[in-house]
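S.K.: Here's a sequence, model it:
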Amino acid sequence: MQRAVAIAAALALLVLAGCGSSGSDTAIRKTIERGAAQIGEPRTAKQLHEGLERTLARLRSERASTATGRKAKTLAIQGFMWTLRGVEARLEITTNDSGNLEASVRDAKRADRDLSRGAGLLRAAGRTLGISIGKLNGF
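M.R.: Below is the predicted model of the structure:
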């Protein structure tokens, strides 16, 4: 009888430990989904920049308990950082490059490159967690 109770208690602990690990990966999943949706919403570059900074801070503070969650988190952080760089390049076009065609073209190329790289990394993070992330603001 005591042996059966001990086995049942051990199984209960294993089940509870499993619930905790999936919970933290679920938080990462939700943050990635919200951040990807945020990129697709129509908004100004400045608003998107602020939203991406908050998403990055939230993602960095979350803890992943599985190898899959850690990989997805790493990819997502890189993806949001590249996207943020692309948005910063777009902001530079409007604030610093007025009347300077060469600087505008250079910043536009950098914005496209960084946004494309960020979108690819975010799709890879999504695939890691089983999330389908399509085009992100045209990328």
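S.K.: in this protein, which spans are helices?
M.R.: 2-40, 45-61, 67-96, 101-129 (DSSP state H).
S.K.: weakest of those by average pLDDT?
M.R.: Between the helices of the chain, the lowest average pLDDT goes to helix 2-40, which shows a mean of 65.
S.K.: Roughly how far does residue 106 sit from residue 96?
M.R.: 11 Å (C-beta to C-beta, to the nearest Å). For glycine as for every other residue, the C-beta is placed from the backbone atoms N, C-alpha and C.
S.K.: Give me the more crowded residue out of the two.
M.R.: Under the criterion of other C-beta atoms under 10 Å, the comparison of residue 106 against residue 96 puts residue 106 first, with 15 against 11.
S.K.: How about residue 34, nearest residue that isn't a chain neighbour?
M.R.: Distance criterion C-beta to C-beta, 6 or more residues apart in numbering; nearest residue to residue 34, sequence neighbours excluded, is residue 55 at 6.8 Å.
S.K.: got it, and residue 128?
M.R.: residue 72 (4.1 Å).
S.K.: so the one you found makes contact with residue 32?
M.R.: Yes. Here residue 72 lies in contact with residue 32, judged by C-beta atoms under 8 Å, at a distance of 7.0 Å.
S.K.: Pull up the overlap in contacts between those two.
M.R.: Contact criterion C-beta atoms under 8 Å, 6 or more residues apart in numbering; residues shared by residue 72 and residue 32: 125, 126, 129.
S.K.: Who wins on neighbours among those residues?
M.R.: Within the shared contacts of residue 72 and residue 32, neighbour counts (other C-beta under 10 Å) peak at residue 125, which reaches 27 neighbours.
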